[in-house]
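A.B. asks: need the 3D shape of this:
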Amino acid sequence: MFPSWLLLIPGIIAYNVPFMNSAEVSHSGPSSSAETAADENSEVHRDKRAFFYPQFQYFSNNLLIAPEHPNEYMKKWLTYEHNRYRRMVPASDMNMLYWSEELAASAQRHANTCDFRHSRGRVNVGENIWAAPYSNYSEAISIWFNEVHNPRCGCNHAYKHCCGHYVQVVWAKTNLVGCGFARCRDVQGLFGRGHRNVFVCHYNPQGNTVFVTGSGQLYAVGSPSCSSDLTT
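C.D. replies: Predicted structure coming up:
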């Protein structure tokens, strides 16, 4: 049985939603280091296998009601869901994703800020954010992946800005994921729209490195290589 906080709660949807009651996903883009330093001396270029996230962040609001740390069941389920979608693409070099407690901690820290904007200070850590008046994290991952079907985007196996969440979900070289949840009074960047739940996932190595490398290939096209055993 799913934990109670995973369920879609009608009372939350109906409360204080003046403009909309649908989910929102963040604007996709590179880590903050890639935005500010795309030259060869950038930290992003130094070691693509390493990742860093500041241990402390400045909290400038009182929007957080409670963090929702994923339990062991949710860790396995979130990893399973990501791998399930990754197996849907024709990639010959697709890595299996494994849960990272360090990435989960960094994702949780950003979720706790109740901020829809991307976090700062990430090096080689990708980030997807979802916010809604309800808590349905299966929908969040589905929305991220299904950006590939947006006819206005035309995204397939090459990076485009309009499908950046999809890109991060299926980036072949990524092999670690960690996520965090938070219940909020409101969400920065979406004030007054009734959003009360924030879901953040962090990934390593990050996808979307076209911003740094100039190469937008997400994976090598071929027979799927990701194992059918998604329980690891």
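
A.B. asks: now do the buried residues in the helix or strand harbouring S106.
C.D. replies: Per DSSP states H and E: S106 is located in helix 101-111. Neighbour counts over helix 101-111 (16 or more other Cβ atoms under 10 Å) mark L103, A104, S106, A107, Q108, R109, H110, A111 as buried. C-betas here are computed from N, CA, C, even on glycine.

A.B. asks: give me the nearest residue to the first one, chain neighbours excluded.
C.D. replies: Counting by Cβ to Cβ, 6 or more residues apart in numbering, G178 is the residue found nearest to L103 once chain neighbours are left out, at 2.9 Å.

A.B. asks: check which helix or strand covers the one you found.
C.D. replies: Going by DSSP H and E, G178 is part of strand 176-184.

A.B. asks: and the angle from the next helix or strand after that strand to helix 101-111?
C.D. replies: Per DSSP H and E, the first helix or strand lying C-terminal to strand 176-184 is strand 197-204. If you take axes from the mean of the first three to the mean of the last three Cα atoms, to 10 degrees, strand 197-204 sits at 140 degrees to helix 101-111.

A.B. asks: by contact count, what packs against strand 197-204?
C.D. replies: Counting contacts by 3 or more Cβ pairs under 8 Å, 6 or more residues apart in numbering; DSSP states H and E, strand 197-204 is packed against helix 101-111, strand 126-132, strand 176-184.

A.B. asks: N62: which of the ones you listed is closest?
C.D. replies: Of all the helices and strands packed on strand 197-204, strand 176-184 sits nearest to N62, with 10.0 Å by Cβ to Cβ.

A.B. asks: and that closest one, average pLDDT?
C.D. replies: Averaging pLDDT along strand 176-184 yields 97.

A.B. asks: sorry, back to before: of all the helices and strands packed on strand 197-204, which lies closest to S119?
C.D. replies: helix 101-111 (4.3 Å).

A.B. asks: so which elements touch the closest one?
C.D. replies: Helices and strands touching helix 101-111, by 3+ Cβ pairs under 8 Å, 6+ apart, are strand 126-132, strand 176-184, strand 197-204.

A.B. asks: just put these in CSV and tack on mean neighbour count and distance to E139.
C.D. replies: Output for the helices and strands packed on helix 101-111, formatted as CSV (neighbours: other Cβ atoms under 10 Å; distance: least, Cβ to Cβ, whole Å):
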stretch, mean neighbour count, distance to E139
strand 126-132, 27, 8
strand 176-184, 24, 13
strand 197-204, 27, 9
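
A.B. asks: need those strands in CSV with distance to H118, can you?
C.D. replies: Listed next are the helices and strands packed on helix 101-111 as CSV, based on distance: least, Cβ to Cβ, whole Å:
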stretch, distance to H118
strand 126-132, 6
strand 176-184, 14
strand 197-204, 10
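
A.B. asks: relative to L63, which of the ones you listed is closest?
C.D. replies: Across the helices and strands packed on helix 101-111, L63 has its closest neighbour in strand 176-184 (4.8 Å, Cβ to Cβ).

A.B. asks: all helices for the protein, in order.
C.D. replies: Assigned by DSSP state H, the chain shows helices spanning 10-14, 32-36, 43-46, 72-86, 101-111, 137-145, 164-170, 210-213.
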